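> Just the structure for this:
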Amino acid sequence: MKNGANGAEVQNNGDLVIYKGHKYRYNENITSVLFMGVDRENISSDEKTLKDHGAGQADTMFLAAYDSSSDKVSLISIPRDTMADVKTYDEKGKYIGTKKTQLCLAYAYGDGREKSCENTVDAVSKELYGIPIDSYVSINLSAISILNDAIGGVNVQVIGDLTDADPDLKEGANITLLGDQAETYVRTREHEPLDANLERMKRQQQYMTAFIQKTLRAVRDDITLPLDLLNLVSDNTVTDISASELTYLGTEALGVSFVSDDIHSIECKIEEGKTGYAEYYPDETKLFELILDVFYTQAD
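Reported below is the predicted structural model:
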């Protein structure tokens with residue numbers, strides 16, 4: 001964690017934080033995983049694919065924190081347009097320097113696989129006050145329908161009017177998303193308003209809550225389900241989590257409960273950048289306190 005952030009005193013490389021007269025210790029029982037939804041047709045390190053289509057962008061990002069001491073999972077929803085310090089590289093992969101730009105572009109400065117994931121992990125960690133991120137999973141967003149249908153579909157009450165994209169997705173309708181509907185639901189957004197991504201993020205958070213709840217119930221009957229799901233989308237997924245680690249997490253998930261309050265949003269000020277794209281600037285105090293709440297325990 002950054003020293004001096006929001007007037008906090010940081011000791012022992014972030015293990016101890018003194019903030020507003022209270023002491024906080026880093027929770028060593030937490031395992032964190034960054035989940036990235038990538039917005040291109042397929043994830044490949046093939047040079048021609050990257051030249052024609054680029055490495056892609058991390059269009060959706062969730063940082064999951066699992067606390068083994070309490071069997072609690074917390075998700076932090078990270079806006080793709082958050083302005084962050086991103087490491088940049090030239091076409092030959094040579095490091096150029098850092099650039100203040102949208103967080104989603106950290107993935108683009110890579111190979112579309114491990115290097116892209118690692119660059120995004122680095123940028124997210126720095127944006128979240130240097131909090132450690134243990135592992136990552138990136139998945140092509142077009143593969144969402146495969147995961148969705150593998151658990152029998154996901155039920156939602158539609159947020160917003162998406163009938164232009166799918167006539168069944170009427171605002172307020174209660175529907176079990178199947179097939180391409182799942183991808184449509186989590187990806188569709190208006191392009192004009194600067195805050196257009198906020199409503200889409202609400203849908204993503206709603207969908208993730210329902211997906212996780214249904215998956216956790218299913219894991220209690222079959223602890224190999226997480227590995228089975230990953231195998232289903234292996235051609236569209238990049239991760240540094242091994243099969244044995246995933247099976248272990250599946251076992252740990254047997255006691256986990258998850259509700260909508262376990263998903264946290266980052267409050268931001270939204271501005272229009274010089275290029276006309278939205279720029280999200282987090283409320284630093286609220287973000288700092290969110291990190292303390294999720295990753296630390298009060299020690300006094």
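
> Excluding chain neighbours, what is closest to the residue nearest to the spatial centre of the chain?
Per CA atoms, centre = their mean, the C-alpha nearest to the average position across the chain is that of residue 62, at 1.8 Å. Spatial nearest neighbour of residue 62, chain neighbours left out: residue 35 (4.6 Å); criterion: CB to CB, 6 or more residues apart in numbering. To be clear about C-beta, it is placed using only N, CA and C from the backbone, and glycine gets the same treatment.

> Kindly confirm my reading that the one you found is in a strand.
Yes: with DSSP: H, G, I helix; E, B strand; the rest coil as the criterion, residue 35 is part of a strand.

> ok, back up a step: who does the helix or strand containing the residue nearest to the centre of the chain pair up with?
For residue 62, the host element (DSSP states H and E) is strand 58-67. Taking DSSP bridges as the criterion, strand 58-67 pairs within the sheet with strand 30-38 (antiparallel), strand 72-78 (antiparallel).

> got those strands as TSV, with distance to residue 55 and mean pLDDT columns?
Output for the strands paired with strand 58-67, formatted as TSV (distance: least, CB to CB, whole Å; pLDDT from 0 to 100):
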stretch	distance to residue 55	mean pLDDT
strand 30-38	8	96
strand 72-78	18	96
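
> closest to residue 141 out of the ones you listed?
Of all these, strand 30-38 sits nearest to residue 141, with 4.6 Å by CB to CB.

> And for residue 266, nearest residue in space, chain neighbours not counted?
residue 282 (5.2 Å).

> Pairing-wise in the sheet, spell out the partners of the one you found.
Assessed by DSSP bridges, residue 282 has beta-bridge partners residue 268.

> for it, what are its contacts?
Neighbouring residues of residue 282 by CB atoms under 8 Å, 6 or more residues apart in numbering: 82, 127, 266, 267, 268.

> what do you get for residue 211?
Residue 211 touches 147, 148, 151, 154, counting by CB under 8 Å, 6+ apart.

> which element is it on?
Secondary structure (DSSP H and E) places residue 211 in helix 196-219.

> after that helix comes which helix or strand?
Using DSSP H and E, the helix or strand that directly follows helix 196-219 along the chain is helix 225-232.

> And that next one, how far out from the chain middle?
Offset of helix 225-232 from its chain centre (CA atoms, centre = their mean, to the nearest Å): 19 Å.

> And the contacts of the next helix or strand after that helix?
As assigned by DSSP H and E, the chain's next helix or strand after helix 225-232 is strand 237-239. By CB under 8 Å, 6+ apart, the surrounding residues in contact with strand 237-239 are 43, 113-114, 116-117, 135-140, 143, 230.

> so what strands line up beside strand 237-239?
Paired strands of strand 237-239, with direction, are strand 135-140 (antiparallel) (DSSP bridges).

> any idea of the mean pLDDT in the strand it pairs with?
The predicted model assigns strand 135-140 a mean pLDDT of 96.

> and residue 230, what pLDDT?
92.

> Could you measure from it over to residue 285?
As judged by CB to CB, to the nearest Å, residue 230 and residue 285 stand 37 Å apart.

> cool, residue 273 as well?
Distance from residue 273 to residue 285, by CB to CB: 23 Å.

> follow-up on the earlier one: JSON lines please, covering the contacts of strand 237-239 and showing distance to residue 216.
Shown next, in JSON lines, are those (distance: CB to CB, whole Å):
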{"residue": "43", "distance to residue 216": "26"}
{"residue": "113", "distance to residue 216": "29"}
{"residue": "114", "distance to residue 216": "29"}
{"residue": "116", "distance to residue 216": "29"}
{"residue": "117", "distance to residue 216": "25"}
{"residue": "135", "distance to residue 216": "19"}
{"residue": "136", "distance to residue 216": "21"}
{"residue": "137", "distance to residue 216": "17"}
{"residue": "138", "distance to residue 216": "22"}
{"residue": "139", "distance to residue 216": "19"}
{"residue": "140", "distance to residue 216": "24"}
{"residue": "143", "distance to residue 216": "20"}
{"residue": "230", "distance to residue 216": "16"}
